[in-house]
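>>> Could you look at this predicted model? Sequence included:
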Amino acid sequence: MRTDARDETHPGTPWPFTGRTAELDLVRRSVAAGRPGVAVTGPAGRGKTRLLTEALRGTGCARVTGTPGARGIAFAAFAHLLPDSVTLHRAVRLLSGVRLLFVDDAHLLDDASAALVHQLAVHGRTRLAVAATTDGEVPAAVSRLWSGELLPRLHLEPLPAPETAGLLTAATGAAPEPLTAARLHRLAHGDLRLLRDLHAAVLRHGPLDPVPGTRERAWRGPVPVTTAVRERVAPVLDRLRPREREALERLAFAEPLPLDADALGPLATESLEAHGLVRVDDRGAAHLAHPLHGAVLREGAGRLRARRFTGAPDRCGPALAAERAALLGRIARADVREPRAPVGEWLAGEGLPVPGGYAAVRARFARLGGLLREAASWAREGLRHDPADPSCRAELALATAQSGVIPPAVSAAAGSPAAPGDGGPGPAADGAPGAGEGAYGTETGGARPSAEPGRTGPRAVPGPRPAPSVTAWAAAARGDLDGAARTAADGDPYDAVRLGVPERATGRLTGVFADHADALARADGPALDRVAGELERRGFLLFAAEAHAQAARAHRAPLAARTARARAAALARRCQGARTPALSAPALGELTARQRQVVTLAAAGLSNRQIAERLTLSVRTVGNHLYGAYARLGAGDRTALPCLVGVPEAQPA
């Protein structure tokens, strides 16, 4: 593990404020005239001060801040607003003219200042915006602000992973590779100050490698433990007793460990769990509760101690197989909500080999959840160590095609797959659900666990053609919706539903997926909205967005159609650039099926003649379809189409 004795430096300007839209609106409403204000609480590093600063920008509020070294000085926080000697009663009178007061670090206020803030809230003449850290002792007068219902309380939750990725993008001007963004999110553990320190350390020590075919850069390898990073976790680790520290060090080098392992003393482990430093999973194995603790402990262990504790990466085989089986079981139960699979994430983050069979299942799980960029990243991770893995190649092709980009392994000119030796993806051959084998076709048996869960070695491509789903989605990416619909019937039946031909899936689906096919066949808008709600609850965000988009076209009431279209757009924004025919853009819902085909191809840059050849139409017919589409979309010419229909720039996968 590399380390740097120098302090990590940051740019002088703060990161841009990103995310927290709902919280920002709530704070602004709470401090409006006629309202009492708001108390924003949460652990250190959640961004409480930044949120209030952004919400109060331009209001001309007075500001006071608690200081740890001044807790014994009466009214220390208000020294710049009050005379040298003042009573509580007079202080309330002197500050009665302040209409808006921002109290930062209220948990550090001296007793007199805390009492003053409480009295200002009781009198109600001053609107208060209070920020307090609640993972330690808080003065009783401050906690009474919200427990006594004087102020509404907003407890800040950790910034969600998508908003963390957006924050990193805004800070650097470039989108991070999904696994890199997810790793930084996990390591920061909700602490935005720690996120900034980690990000600076990664930028300095890297390495940051370009991701082929994208503008993203990926971080793999050990966590660079700089002075700033180490200082963030040192207070917790330095308080450990010798036996507790040794148990944590063993976990740092070999997690997960079963609770009955000789390496873990039961008393030390129980104490660590009680203090929130160790968690136990459903299988009875112990993990570090904070992922950064492992990096710091490994960095400071010394070479001899590390040699005593360490285990080779191949010892992760059983845990990796268990994670893979659990993910396949979740797919079989039609539940793809956020997975908990830390072993695979650790392997990928450290830059260690990730078996292709495991990487393909992680990619499939992410793709079914609508996280297409993450799915592509997992597929690339498997291909990095096994370039011929057919399951990973198929998953990469599917994620690429459903992002609206033609997979390079499928020939656009010939409309046929490449041969195995030329990079064409093939179906899975390890017992896991293949790319076109109905990974979500049934809720009980569509995704069957491998008969050999530990088998993750290289496999040969079993046939010269890719799975039908890859061919279908490649055709959809080219704008050939008719060809996509025809091919979908040969592969996963749910693909036919997503591509708008539910009759081709009759009798081949169960559960919510059968309900989707039935509602679409009947053009039942309310039923499609109900299906979308159930799909979203199960984690199928892209499928839910597509169902809402289909509902928007099926609804007869304009208000219901607009509502469904808005829900489709909101879900699609969470799907990492998804561009499928059902939701290529809400505006396309106003067009006929043929107009959608023509407009999609025109927006991608094809000429009228090229579109005519692709769709077997006359050039005049293509022009007529475009003219009708311009009228419905409000476009003057084809140069406006990419913005209206959301077609991405063509780029390699």
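Sure thing, it's come through.
>>> looking at this protein, which residue lies furthest from center?
In the chain, counting by CA atoms, centre = their mean, Ser85 sits farthest out from the average C-alpha position, at 53.2 Å.
>>> how much space between that residue and Arg183?
Noted for Ser85: a distance of 55 Å to Arg183, by CB to CB, to the nearest Å. The C-beta positions use only the backbone N, C-alpha and C, and glycine is treated the same way.
>>> go on, Leu237?
If you go by CB to CB, the gap between Leu237 and Arg183 works out to 21 Å.
>>> Kindly report the same for Ala629.
Taking CB to CB, one finds Ala629 at 43 Å from Arg183.
>>> Equivalent analysis for Ala397, please.
25 Å.
>>> With neighbour numbers in mind, choose between these two.
Higher neighbour count among Ala397 and Arg183: Ala397, with 31 against 24, using other CB atoms under 10 Å.
>>> Check what pLDDT that one gets.
Looking at Ala397, its pLDDT is 93.
>>> With the one 5 residues further on instead?
According to the prediction, Gln402 has pLDDT 92.
>>> Quick one: residues contacting it.
367, 372, 473, 477, 542, 578-580 (CB atoms under 8 Å, 6 or more residues apart in numbering).
>>> Most neighbours of all those, which one?
That'd be Trp473 among the contacts of Gln402, by other CB under 10 Å, with 33 neighbours.
>>> What is the nearest of the contacts of Gln402 to Thr169?
Nearest to Thr169, judged by CB to CB, of the contacts of Gln402 is Leu372 at 16.5 Å.
>>> List phi and psi for the closest one.
phi -70, psi -40 (degrees, to the nearest 10).
>>> Make sure it is actually in contact with Ala399.
Yes - at 4.7 Å, Leu372 counts as touching Ala399 under the criterion of CB atoms under 8 Å.
>>> any low-confidence regions in the stretch 451-600 of the chain?
Applying pLDDT under 70 to the stretch 451-600 of the chain flags the ranges 451-466, 585-590.
>>> 90 - rerun?
Flagging of the stretch 451-600 of the chain using pLDDT under 90 yields the residue ranges 451-469, 471, 475-492, 504-507, 552-553, 558-559, 561-570, 572-574, 576-579, 581-600.
>>> where along it do the helices fall?
Taking DSSP state H, counting those that start in this stretch, the helices of the stretch 451-600 of the chain run over residues 468-478, 481-488, 493-498, 511-521, 525-537, 541-554, 558-572, 593-603.
>>> and of the ones you listed, who's closest to Gly47?
Taking the helices of the stretch 451-600 of the chain one by one with CB to CB, helix 558-572 is closest: 23.2 Å.
>>> Go through the closest one and flag the buried ones.
Using 16 or more other CB atoms under 10 Å as the test for burial, helix 558-572 gives 560-561, 563-565, 567-569, 571-572.
>>> One more: stretch 210-224?
211, 214, 216-221, 223-224.
>>> ok, and what's touching stretch 492-507?
436-441, 468-469, 472-473, 476, 481, 484-485, 488-489, 508-509, 513, 516-518, 520-521, 543, 546, 550, 580-582, 593.
>>> Helix or strand: which one has Val40?
strand 37-42 (DSSP states H and E).
>>> Now do that strand: which elements does it pack against?
Counting contacts by 3 or more CB pairs under 8 Å, 6 or more residues apart in numbering; DSSP states H and E, strand 37-42 is packed against helix 21-30, helix 48-55, strand 127-133, helix 140-147, strand 153-155.
>>> Quick one: distance of the first one to the chain centre.
What it means is helix 21-30. Centre-to-centre, helix 21-30 and its host chain are 23 Å apart (CA atoms, centre = their mean, to the nearest Å).
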